[in-house]
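A.B. asks: give me coordinates for this.
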Amino acid sequence: MRRNDIAFWTGAALFLLAILLATVLVRNEYPFFAGYVILQFIVLAVAWSILGGAAGYVNFGTNAFFGAGVYTAVFLTKAFGAPLLLQIAVAAAVGSLLGFAVGLLTLRMQGIFFSIATIALAIIIETSVTNWRYVGGAAGIQLQRPQVMAPFDSYVKMLFVVQALLVVVSVAITRYIQHSWIGRGLQALKDDELAAECTGVPTLRLKMLACVLSGALLAAAGAPAAMYLQYADPSSAFNLNYSVSVLAMALIGGTSHWLGPVLGAILLGSTQQILAVTISSEVNVLVLGIMLVLFVVGAPKGLIGLFRSFSFRAGAGK
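C.D. replies: Below you'll find the predicted structure:
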């Protein structure tokens, strides 16, 4: 293993160890309730960056994949009483199939046409679920959490740890893509798709792969949300706020490196949770818009771009 790989997996192990220790040492459940949302947004932002950042295809249909994950879990719970890990696995499979279907239908589109198509996808899926009475339809459905499994004393704490594991998996996949031939191919088609095709880059296959992986992770992140809230309804599961927030997090963090969406999700997710407690959750959209405008105008390459610029200036000044 390379030195960077060792450092990454050591950091991931320490991160998970800290998460487990927190579930034992911290008795108040609110930090886990709020922390789950931040971890969820990290997974969503990182998953979005596979297609939106690396390939340059802006996906406004994040809420479609997230909602598909939520209602996959709802269906499995009601029909079979499936355990949480199976719900996540099946949701990931559904998300990958949905990503493959979306890829076949839309990835030959480019620019704004692709983005509009992903919005239409979210509307179609939400409308279908709204008319599916078995999973509650427009009225929504209440869910009963099963008994929590050892060593956890709270279901919220268990969901917190599960989402932390999804963070490690999603970041590891995105990091691998960035440092592999897949990432180099995606970067080539992002810079100039026609030129990439002329040089032998399998652009359509790479876009399909990116769409499948991104869809699988987006849906997997949504699966635990049903048990997190103990309730699901189409308007909240397919809320457009997921698409806007995730896009903003990725852009604010920077899409040129896998760490960018992580930083953006932590910054915006934490800010939103603090505002929801201290002022009102309605302020979140306003703050999101202001921060997005400030970064697009003042730092278009995000936090990663700012850090690299600062490091370059510091090195040049020596």
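
A.B. asks: dump stretch 202-221 to CSV, restricted to CA.
C.D. replies: C-alpha atoms of stretch 202-221 as CSV (Å, rounded to 0.1, in the frame of the first residue of the first chain):
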residue,chain,number,x,y,z
PRO,A,202,-14.7,5.2,-23.4
THR,A,203,-16.7,8.3,-22.4
LEU,A,204,-20.2,6.7,-22.5
ARG,A,205,-19.1,3.7,-20.4
LEU,A,206,-17.4,6.0,-17.9
LYS,A,207,-20.5,8.2,-17.6
MET,A,208,-22.7,5.1,-17.1
LEU,A,209,-20.3,3.8,-14.4
ALA,A,210,-20.3,7.1,-12.6
CYS,A,211,-24.1,7.3,-12.8
VAL,A,212,-24.5,3.8,-11.4
LEU,A,213,-22.1,4.3,-8.5
SER,A,214,-23.5,7.7,-7.7
GLY,A,215,-27.1,6.4,-7.7
ALA,A,216,-26.2,3.5,-5.5
LEU,A,217,-24.6,5.6,-2.8
LEU,A,218,-27.4,8.3,-3.0
ALA,A,219,-30.1,5.6,-2.5
ALA,A,220,-28.1,3.8,0.3
ALA,A,221,-27.8,7.1,2.2
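
A.B. asks: by residue count, what's the longest helix in this protein?
C.D. replies: Using DSSP state H to define each element, the chain has its longest helix at helix 155-179.

A.B. asks: show me what it is packed against.
C.D. replies: helix 3-25, helix 30-52, helix 84-106, helix 203-222, helix 225-229 (3 or more C-beta pairs under 8 Å, 6 or more residues apart in numbering; DSSP states H and E). Backbone N, C-alpha and C define where each C-beta goes, glycine included.

A.B. asks: tell me which of these sits nearest to N59.
C.D. replies: Distance to N59, taken as C-beta to C-beta, is lowest for helix 30-52 among the helices and strands packed on helix 155-179, at 5.2 Å.

A.B. asks: what's the following helix or strand after the closest one?
C.D. replies: Using DSSP states H and E, the helix or strand that follows helix 30-52 towards the C-terminus is helix 62-80.

A.B. asks: buried ones in that following helix?
C.D. replies: For helix 62-80, burial by neighbour count (16 or more other C-beta atoms under 10 Å) applies to 62-77.

A.B. asks: next: stretch 286-305.
C.D. replies: 288, 291-292, 295, 299, 301-305.

A.B. asks: turn those residues into CSV, including pLDDT and distance to A150.
C.D. replies: Putting the buried residues of stretch 286-305 into CSV (pLDDT from 0 to 100; distance: C-beta to C-beta, whole Å) gives the following:
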residue, pLDDT, distance to A150
L288, 75, 39
M291, 79, 41
L292, 78, 43
F295, 78, 44
A299, 74, 46
K301, 79, 46
G302, 79, 41
L303, 83, 39
I304, 83, 40
G305, 78, 45
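
A.B. asks: any chance of those in CSV, with distance to L189 and secondary structure too?
C.D. replies: Output for the buried residues of stretch 286-305, formatted as CSV (distance: C-beta to C-beta, whole Å; DSSP: H, G, I helix; E, B strand; the rest coil):
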residue, distance to L189, secondary structure
L288, 30, helix
M291, 29, helix
L292, 26, helix
F295, 25, helix
A299, 25, coil
K301, 20, coil
G302, 21, helix
L303, 25, helix
I304, 21, helix
G305, 21, helix
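
A.B. asks: reformat those as JSON lines; add distance to V58.
C.D. replies: Formatted as JSON lines, the buried residues of stretch 286-305 follow (distance: C-beta to C-beta, whole Å):
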{"residue": "L288", "distance to V58": "17"}
{"residue": "M291", "distance to V58": "18"}
{"residue": "L292", "distance to V58": "13"}
{"residue": "F295", "distance to V58": "16"}
{"residue": "A299", "distance to V58": "19"}
{"residue": "K301", "distance to V58": "16"}
{"residue": "G302", "distance to V58": "15"}
{"residue": "L303", "distance to V58": "19"}
{"residue": "I304", "distance to V58": "18"}
{"residue": "G305", "distance to V58": "18"}
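
A.B. asks: which one of these is nearest to S128?
C.D. replies: L288 (28.4 Å).

A.B. asks: which residues touch that closest one?
C.D. replies: Taking C-beta atoms under 8 Å, 6 or more residues apart in numbering as the criterion, L288 is in contact with 244-245, 248, 268, 272.

A.B. asks: please apply the same query to I125.
C.D. replies: 64, 67-68, 238.

A.B. asks: of those residues, which pair is most distant in space?
C.D. replies: Greatest spatial distance in those: A68 and F238, 8.8 Å, computed using C-beta to C-beta.
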